[in-house]
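**Student:** sharing a model that was predicted from the sequence below.
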Amino acid sequence: MGWADRAVKDLQAGKQTKIRPHGGSMQGKVGSGQLVTLDPVQIQDLVVGDIVLCRVKGNTFLHLVKALGDGRVLIGNNRGRVNGWTRTIYGIAMKIEN
């Protein structure tokens, strides 16, 4: 069971959900342990710079949309790392708070 399983389930059911991700890869956008409110979203509604809960190469991330193309999303963190392209986007960050 992964850290975001409950949130993924909620988002797939069309429900808003909240998570508290930990780590430093999104520092400056989302601090470790901050409360993030997520809404379900469709790929066609995303723009570069959105923060999304997604799955890339078998891993779940709360990371940035770096590029869009051909129904796919390029995902990366806020420190310059690129994770790769995906079509698996669960939700978009709507609110970030302590």
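**Tutor:** Yep, that arrived. Residues are numbered from 1 along each chain as shown.

**Student:** any idea of the pLDDT on the residue located most distally from the centre of the chain?
**Tutor:** Distance from the C-alpha centroid of the chain, by Cα atoms, centre = their mean, peaks at residue 70 (19.0 Å). Looking at residue 70, its pLDDT is 94.

**Student:** over to residue 1?
**Tutor:** Here the pLDDT value assigned to residue 1 is 59.

**Student:** give me the neighbour count for residue 65.
**Tutor:** 20 (other Cβ atoms under 10 Å). In this view, the C-beta of every residue, glycine as well, is placed from N, C-alpha and C.

**Student:** need the strands for the chain, in chain order.
**Tutor:** Taking DSSP state E as the test, the strands found in the chain are 17-19, 35-40, 51-56, 59-69, 72-76, 82-86, 88-97.

**Student:** for residue 51, list each beta-bridge partner.
**Tutor:** With DSSP bridges as the criterion, residue 51 is bridged to residue 64.

**Student:** any idea how far residue 75 is from it?
**Tutor:** Computed as Cβ to Cβ, to the nearest Å, the residue 51 to residue 75 distance reads 10 Å.
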